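Visitor: The amino acid sequence is not available; the structure is as follows:
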């Protein structure tokens, strides 16, 4: 450890959702990498003392660190996408594995979409587990929902945690803090964004609604959690104050009125769990992209707390 705090490398760092969570848990983020310039600019703005390299992960030399975290690109695994085994993005986990092999951190954490578990009949996730285990790690994964941990959003993700075997540490995935079995209600949209001032028009993506958008309900009421916040601005859910939608046939919905607007990027960021003053670099669609691709900071913090037990 350097400076008295366990150190973290963030790969595929995006805007820094996982880093916000790990920092709050007491870690020091010393290095970050992404290939997207807007994400790198956002990250550097909020982590001024972190070395941020905006380049292909293949070309990056990594420092020593206690933990490596990252949400390697998940589009190739998504249930909403083509889910091709041959998709090159599906092989980026090998670059993540290379980083683990080179740095030999005590822990690593990776996050990915639910579709990872069923791609190619489960062969992909099994290959990942075998690869990580061969590097000397005890590896486990769990499908979790962000709303279990106080994030006001239906967001199911696979969390993979590796523990270097020579540490002798037994990592335990955090128990839910919200939901029917906990005695605490999920955090809803009213609690998350109900008190915000009226949003500026330039902060709201305003375009037509495609047939794909109209293929399912896109609005949740104030007393519910949000739908998943996506990376594509066109697919962002409607604000709770919008008129409701009605199903008229299979995979076809219509608006019941003329009042509808998507959530602003600021509202999306808060629903993801970013601090209210957290800003994002780039044009509007790039802001939505960074927010939708991020690991909810609070979810990352819960995992980080479990890892921090080793260092304490």
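Guide: Cool, got the structure. The structure displayed is predicted, hence computed values, not measured ones.
Visitor: Give me the distance from the helix or strand hosting residue 133 to the chain's centre.
Guide: Assigned by DSSP states H and E, residue 133 belongs to helix 123-134. Taking the mean of its C-alpha atoms, helix 123-134 sits 21 Å from the chain's own mean (Cα atoms, centre = their mean, to the nearest Å).
Visitor: Same check on stretch 289-303?
Guide: 4 Å.
Visitor: Make 49 the starting number, not 1.
Guide: From this message on, residue numbering opens at 49, which makes the last subject stretch 337-351.
Visitor: Next, the buried residues of that stretch.
Guide: By neighbour count with 16 or more other Cβ atoms under 10 Å, stretch 337-351 contains the buried residues 337-351. To be clear about C-beta, it is placed using only N, CA and C from the backbone, and glycine gets the same treatment.
Visitor: Could you list which of the residues you listed belong to helices?
Guide: Of those, the ones assigned to helices by DSSP state H are 337-341, 345-351.
Visitor: Return the closest of these with respect to residue 278.
Guide: Distance to residue 278 across those (Cβ to Cβ) is lowest for residue 340, with 4.7 Å.
Visitor: Contact partners for that closest one?
Guide: Applying Cβ atoms under 8 Å, 6 or more residues apart in numbering, we find residue 340 in contact with 277-280, 284, 316, 320.
Visitor: same question, residue 233
Guide: Residue 233 is in contact with residue 226, counting by Cβ under 8 Å, 6+ apart.
Visitor: Select, from the contacts of residue 340, the two members most distant in space.
Guide: Top of the distance list for the contacts of residue 340 (Cβ to Cβ): 280 and 320, 14.6 Å.
Visitor: the more surrounded of those two?
Guide: residue 320 (29 against 14; other Cβ atoms under 10 Å).
Visitor: Would you quantify the distance from that one to residue 245?
Guide: The gap separating residue 320 from residue 245 is 19 Å, by Cβ to Cβ, to the nearest Å.
Visitor: same check, this time on residue 225
Guide: 29 Å.
Visitor: Looking at the two, which is more packed in?
Guide: The neighbour comparison of residue 225 against residue 245 (other Cβ under 10 Å) goes to residue 225, with 13 against 6.
Visitor: residues of stretch 87-100 that come out buried?
Guide: Buried positions in stretch 87-100, judged by neighbour count with 16+ other Cβ under 10 Å: 87-92, 94-95, 98, 100.
Visitor: ditto for stretch 103-113
Guide: Buried residues in stretch 103-113 (16+ other Cβ under 10 Å): 105, 108, 110, 113.
Visitor: Just the element for the closest residue to residue 64 other than its chain neighbours, please.
Guide: Spatial nearest neighbour of residue 64, excluding adjacent residues (Cβ to Cβ, 6 or more residues apart in numbering): residue 91 at 4.7 Å. For residue 91, the host element (DSSP H and E) is helix 85-94.
Visitor: same for that helix, what does it pack against?
Guide: Under the contact definition 3 or more Cβ pairs under 8 Å, 6 or more residues apart in numbering; DSSP states H and E, helix 85-94 sits against strand 76-82, strand 99-102, helix 332-341.
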